[in-house]
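**Student:** Structure, please.
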Amino acid sequence: MPGGWIQRYMKLTEFLGSVLGPDYEVVLHDLGDADKSIIAIANGHVSGRTIGAPLTSVALQSIVNHSYETQDYRLNYVGVAGTKLLRSSTFFVKDEEGRLVGMLCINFDDSRYRELSDRILKLRHPDIFVETNFAYNEEAATVRSTPPPAEGSESFPNSLTELTDHLLDEELRSREASGERLGHRDKLALVEILNAKGIFMMKGAVKYVAEKLGCSQTTIYRYLNRMNGGAEGGEG
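**Tutor:** Numbers count the residues shown, from 1 in each chain. Below you'll find the predicted structure:
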């Protein structure tokens, strides 16, 4: 697919955003620049992102595990934007050879509709009936604090640092440690996990991860080289 796909999909992004309305965020990613991949966005207030924001962790994972090779789209997975849970779907944009060149994503915020549904139910039934018979309520459908998102859920970073912090903090919480206090083996394991999630596809990720883990960029490159079958020297 020649570069002309971008203009066509940018128009499609604008069109879908207008047709679907303000509760649907429509986002176009160009994979030619993963850390500033958003090239068009409609209704960006849903996630708070703008043009120039990076890929999400879920998008990176799709690239790393090559899931786009066996499916053309992914539907209705969970997105987390602040305290809101979004229903997210992604269409994989491929060229004639099947190479992934972009992603068209739609994130739906249905909170207004859930609020309206609750009000209608309470008009028809006593509150106690609604509360005891309908588990899908506002409290169940929103994020009240900042727990780690469920496996497979998506957050919406505005920068490389936000994306890296999200992935790092998620792993560090599981280890109940800070990056600088991790030992050599733990740092190696953490870099391996981040690599599997595709974070090192982003420009500047090696430098930022090194700073967060309290080691040199050379050490991170050494870990990555070992994962690719090279030999690893001592700690840097």
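**Student:** Quick one: the strands in this structure, in order.
**Tutor:** Remark: strands assigned in the chain by DSSP state E are 24-30, 38-42, 73-81, 84-94, 100-108, 154-155.
**Student:** Can you say which of those strands is packed in most?
**Tutor:** A comparison of the strands of the chain by mean neighbour count, using mean count of other CB atoms under 10 Å, puts strand 24-30 on top with a mean of 25. Every C-beta, even on glycine, is put in place using the N, C-alpha and C of the backbone.
**Student:** That one pairs with which strands?
**Tutor:** For strand 24-30, the paired strands and their directions (DSSP bridges) read strand 38-42 (antiparallel), strand 100-108 (antiparallel).
**Student:** which stretches of the chain form helices?
**Tutor:** Counting by DSSP state H, the chain has helices at residues 5-20, 57-64, 111-124, 127-133, 138-141, 160-175, 184-196, 205-213, 217-227.
**Student:** Tabulate the strands paired with strand 24-30 (CSV), appending distance to L20.
**Tutor:** Below are these laid out as CSV (distance: least, CB to CB, whole Å):
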stretch, distance to L20
strand 38-42, 8
strand 100-108, 7
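**Student:** which stretch among the ones you listed comes nearest T56?
**Tutor:** Nearest to T56, of all those, is strand 100-108, at 8.3 Å by CB to CB.
**Student:** residue nearest the centroid of the chain?
**Tutor:** Taking CA atoms, centre = their mean, the centroid of the chain lies closest to T56, which sits 2.9 Å from it.
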